[in-house]
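Engineer: Pasting a predicted model and its sequence here:
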Amino acid sequence: MENTREQQISTLLSQESAFRTRQAIEAIYSPFFRSWDDVTSLSKPMRERLAGAVSWNTLTMTTALPSVTGDAWKALFETNDGNRIESVLMRNSRGQLTVCVSTQVGCAMNCAFCATGKMGLVRNLSQDEIVDQVRALHDLTVDANVPGEITNIVFMGMGEPMANYEEVRGALQVFTGPMGIGTTRITVSTAGLLSGLERLLTDPLWPPVRIAISLHAADEATRKRLMPTTAPGFIDDLVAWSRKYAVAFPEKRRHLTLEYLLLSGVNDSESDTWKLVDLARRIDRVRVNLIPYNATDSGFSGSSEDAVRRCKDKLEAAGITATIRKSQGGDIAAACGQLAGRGN
Ligand code: SAH
């Protein structure tokens, strides 16, 4: 693991007071500064030393593309080693802003419907690279006069967060610490990597953010076809894990979300929905988020609006809280989970 900026600052300022170190670290996450030079509460020589040793940004935003509907912006970034990643800024009907962050360049999960999966895994993003997506989009809101504050973060961009556990945890600590974002306003979405999910249950450093599991099929054979990382016994293991999760995070607000992408003729029949109901009933405080498919060149097609609605109605009739994800930024290929490095 590389040194984080916080570690670099601490090392550089090791001869200074703890107050100065804290001041320098807080400056990075302040929404008001754009460079070390702006941090005039630090002496000029100190700012120069910091600027020489600690990069203010780890990413360069190369494109910021607004959607025609005006409620989403796709940002394309270049990393210092020339890789490309994407993030999305979305505004909901209440005017709140959400950022969808990437956690890896590419992804190793190879989900059959996902554009990122086709790239394979290039590398993990560092904690700073994850955090800097949000910092850059904050600056974009200022420069482009986008009203509102970034209040929510979803880990639903490129990559599998649980396959980059430490850096994701570090970014969560920054978001919930100096950046002041509430734990219930952050959602980490995972393809269901049980190693990471087990680890967070007993990890005192893991902030209690919301967890969403990309389920997409309630029977193992279909899920395996869609998500080749599905291990034998996954469904039962997930139920067992959810029981431990309910004990480890007993607060009512710490519900679990099951994400379910509806694909025509694949997982949207009546019997598929009943399987989903059966599974959801085995999980405490669960919610189902139905995701309309954003077409990629995967060969799958999304279920009709009617089919999505029918599925929601059945879940609700069975007493399960279900929502339909509102698709945003479709025209800029910015929908979460569709963040491929296709160069636009
Ligand atoms: N690897 C993590 C997070 C990234 S994807 C995960 O699997 O959860 C975020 C969500 O978008 C996942 O539920 C993913 O399955 C879904 N997704 C991927 N491609 C999609 C597409 N083309 N349309 C709609 N959702 C998609």
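Structural biologist: Looks like it came in fine. Please read these numbers as outputs of a predicted model, since none were measured by experiment. Residues are numbered from 1 along each chain as shown.

Engineer: show me what contacts residue 322?
Structural biologist: When the contact criterion is CB atoms under 8 Å, 6 or more residues apart in numbering, the partners of residue 322 are 287-290, 311-312, 315-316. C-beta: built from backbone N, CA, C; applies to glycine.

Engineer: quick one: the helices in this structure?
Structural biologist: Here the chain has its helices, by DSSP state H, at 5-12, 18-29, 44-53, 127-143, 165-176, 194-201, 220-226, 234-248, 270-281, 305-317.

Engineer: among these, which is nearest the ligand?
Structural biologist: The ligand sits nearest to helix 220-226 of all those, at 8.5 Å, using CB to the nearest ligand atom.

Engineer: by contact count, what packs against the closest one?
Structural biologist: helix 234-248 (3 or more CB pairs under 8 Å, 6 or more residues apart in numbering; DSSP states H and E).

Engineer: Pull out the buried positions in the helix it packs on.
Structural biologist: Buried residues in helix 234-248, counted by 16 or more other CB atoms under 10 Å: 234-235, 238, 241-242, 245-246.

Engineer: and if you look at stretch 299-311?
Structural biologist: So stretch 299-311, judged by 16+ other CB under 10 Å, has buried residues 300, 302-303, 307-308, 310-311.

Engineer: Whether that stretch contacts the ligand - can you check?
Structural biologist: No: under the criterion of CB under 6 Å from any ligand atom, stretch 299-311 makes no contact with the ligand; the nearest approach is 7.6 Å.

Engineer: pLDDT on that stretch, on average?
Structural biologist: Mean pLDDT, stretch 299-311: 96.

Engineer: Please apply the same query to stretch 128-147.
Structural biologist: Averaged across stretch 128-147, pLDDT comes to 96.

Engineer: For it, C-alpha coordinates in PDB please.
Structural biologist: Extracted in PDB, the C-alpha atoms of stretch 128-147 (Å, rounded to 0.1, in the frame of the first residue of the first chain):
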ATOM      1  CA  ASP A 128      -6.600   9.300  -2.200                       C
ATOM      2  CA  GLU A 129      -7.800   8.500  -5.800                       C
ATOM      3  CA  ILE A 130     -11.200   7.400  -4.400                       C
ATOM      4  CA  VAL A 131     -11.500  10.500  -2.300                       C
ATOM      5  CA  ASP A 132     -10.300  12.800  -5.000                       C
ATOM      6  CA  GLN A 133     -13.200  11.900  -7.300                       C
ATOM      7  CA  VAL A 134     -15.500  13.500  -4.800                       C
ATOM      8  CA  ARG A 135     -13.300  16.500  -4.200                       C
ATOM      9  CA  ALA A 136     -13.100  17.100  -7.900                       C
ATOM     10  CA  LEU A 137     -16.800  16.900  -8.400                       C
ATOM     11  CA  HIS A 138     -17.300  19.300  -5.500                       C
ATOM     12  CA  ASP A 139     -15.100  21.800  -7.400                       C
ATOM     13  CA  LEU A 140     -17.200  21.100 -10.500                       C
ATOM     14  CA  THR A 141     -20.400  22.000  -8.700                       C
ATOM     15  CA  VAL A 142     -18.800  25.300  -7.800                       C
ATOM     16  CA  ASP A 143     -17.400  26.000 -11.200                       C
ATOM     17  CA  ALA A 144     -20.500  24.900 -13.100                       C
ATOM     18  CA  ASN A 145     -22.900  26.600 -10.700                       C
ATOM     19  CA  VAL A 146     -24.600  23.300  -9.800                       C
ATOM     20  CA  PRO A 147     -26.700  24.200  -6.800                       C
END
